[in-house]
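> Model the following, please.
(4 chains)
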Number of protein chains: 2
Amino acid sequence: MDRRIAKTRKAIFSAFDALIVKADYAKISVQNIIDEADIGRSTFYEHFETKDELLRAKCKDLFEHIFVPSGTEATHAFSRNSTFKEKTMHILYHLLDDKKVIKGILASEGRQIFLQYFRSYLTVMVEREKIHLPGVPDEFLKNHITGSFIETVCWWAGRDFRESPEELIDWLSEVMPI
Amino acid sequence: MDRRIAKTRKAIFSAFDALIVKADYAKISVQNIIDEADIGRSTFYEHFETKDELLRAKCKDLFEHIFVPSGTEATHAFSRNSTFKEKTMHILYHLLDDKKVIKGILASEGRQIFLQYFRSYLTVMVEREKIHLPGVPDEFLKNHITGSFIETVCWWAGRDFRESPEELIDWLSEVMPI
DNA sequence: TTTGTTTCCGAACGTCTTGTTCGATAATAG
DNA sequence: CTATTATCGAACAAGACGTTCGGAAACAAA
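The predicted model follows:
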């Protein structure tokens, strides 16, 4: 593949990361990204239609790495024979890798797009668990589990990821019906 | 107080409601609101600094009505001697009054601002309950309760408020530790 | 190395939205 | 009736957006 493309994409993503840590997503203009990435204006638009599309691409990238078994990874937390707890723990550790960026996104207007992706990946994962509870519709339960996990992550980020993944999972299992 | 002010504010809010049901919040321009409200451009800006401020005012209005005991209401669900269940039920019924607008907001970029307000009011309410659970930090528990309720409401709105408030509260108490 | 293709650059352009200004007009309160 | 205050709306500047295009540079493949 053309190295120029990879280079430009990388420059854009890096610039985006750098900016999102410093400033609110809403206040970042396409021109800011272009300047930070040091590329031509039209070049940006050849890669991404809008700023939102860039964020979407970033989210896709991020969650693809988290939720899709890479094969190269030491612990295959997403293989069939790993527990739900192991999978969620795996996610928390991954999120920790991008602390600053994630906190930045969650504290800005990018939050919505980020959470949209997070939720869609999580939902698929939860669906595969086939969890049931007498007296509660599956759809409701699924949303509750997914939502509770997301809320926990947001809360965690708001507190600068102070707590350990182990603590979070422990507490979660105390208040969740699974 | 000057009737002109009240009249203009009302026109703006009504226009906003009408638009938010039809179109995505992000796609609504200040000019759209002005046209729909049939007022002068500068008049709008004398009342609200930005579109977001208008939404904030709307949210404040909405939640103030829901969370603050009005005195004129038949059932004082927010009086000291009403249970947590009664209070939450009261909220759900209130939300039902503005179905369409709320669904519109939650499905658009206005979601974030709306949820921000919702959360802040809810948090205060949950704090007053002084709920504890051994082995789980109060802060975490508080966020979990607040978050679960919000997630439930969002899920409900996404399904056009199909379920009854009673059902929702029942299911919630099945999966919550209270 | 050569050749044909692809990407990058960046200035320039039109468009849209925002938020402000200001003088004239009309409604309001007291 | 009068002084005050709100509304109107045209006009303006500023800023961001997304597009265009021709030349320069990098690339892959032969």
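> Just the pLDDT for residue A:94.
On pLDDT, residue A:94 comes in at 98.
> and the gap between it and residue A:172?
Residue A:94 sits 17 Å away from residue A:172, going by Cβ to Cβ, to the nearest Å. Quick note: C-beta positions are derived from backbone N, CA and C, even for glycine.
> So for the two, which residue has more residues nearby?
Comparing residue A:94 with residue A:172 by other Cβ atoms under 10 Å in any protein chain shown, the one with more neighbours is residue A:172, at 20 against 16.
> show me the contacts for the nearest residue to the more buried one once chain neighbours are set aside.
In this structure, residue A:172 finds its nearest non-sequential neighbour in residue A:152, 6.0 Å apart by Cβ to Cβ, 6 or more residues apart in numbering or on different chains. For residue A:152, the contact set (Cβ atoms under 8 Å, 6 or more residues apart in numbering or on different chains) comprises A:168, A:172, B:140, B:143-144, B:147.
> what would these look like in TSV with distance to DNA strand D?
Converted to TSV, those look like this (distance: Cβ to the nearest atom of the strand, whole Å):
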residue	distance to DNA strand D
A:168	36
A:172	38
B:140	38
B:143	33
B:144	37
B:147	32
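> Looking at these, which are in strands?
If you go by DSSP state E, the contacts of residue A:152 have nothing in strands.
> Would you tell me which one of the residues you listed comes nearest to residue A:107?
residue B:143 (15.7 Å; Cβ to Cβ).
> Number of residues surrounding that closest one?
For residue B:143, using other Cβ under 10 Å, the count is 22.
> Equivalent analysis for residue A:161, please.
For residue A:161, using other Cβ under 10 Å, the count is 18.
> Run through the residues that contact the nearest residue to residue A:147 once chain neighbours are set aside.
Excluding the flanking residues, the one nearest residue A:147 by Cβ to Cβ, 6+ apart is residue B:151, at 3.1 Å. Residue B:151 is in contact with A:143-144, A:147-148, A:150-151, counting by Cβ under 8 Å, 6+ apart.
> Now intersect those with the helices, please.
Counted as lying in helices by DSSP state H, out of the contacts of residue B:151, are A:143-144, A:147-148, A:150-151.
> can I get those in CSV with pLDDT?
Below are the ones in helices among the contacts of residue B:151 laid out as CSV (pLDDT from 0 to 100):
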residue, pLDDT
A:143, 98
A:144, 98
A:147, 98
A:148, 98
A:150, 99
A:151, 98
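> from those, which is closest to DNA strand C?
residue A:150 (30.1 Å; Cβ to the nearest atom of the strand).
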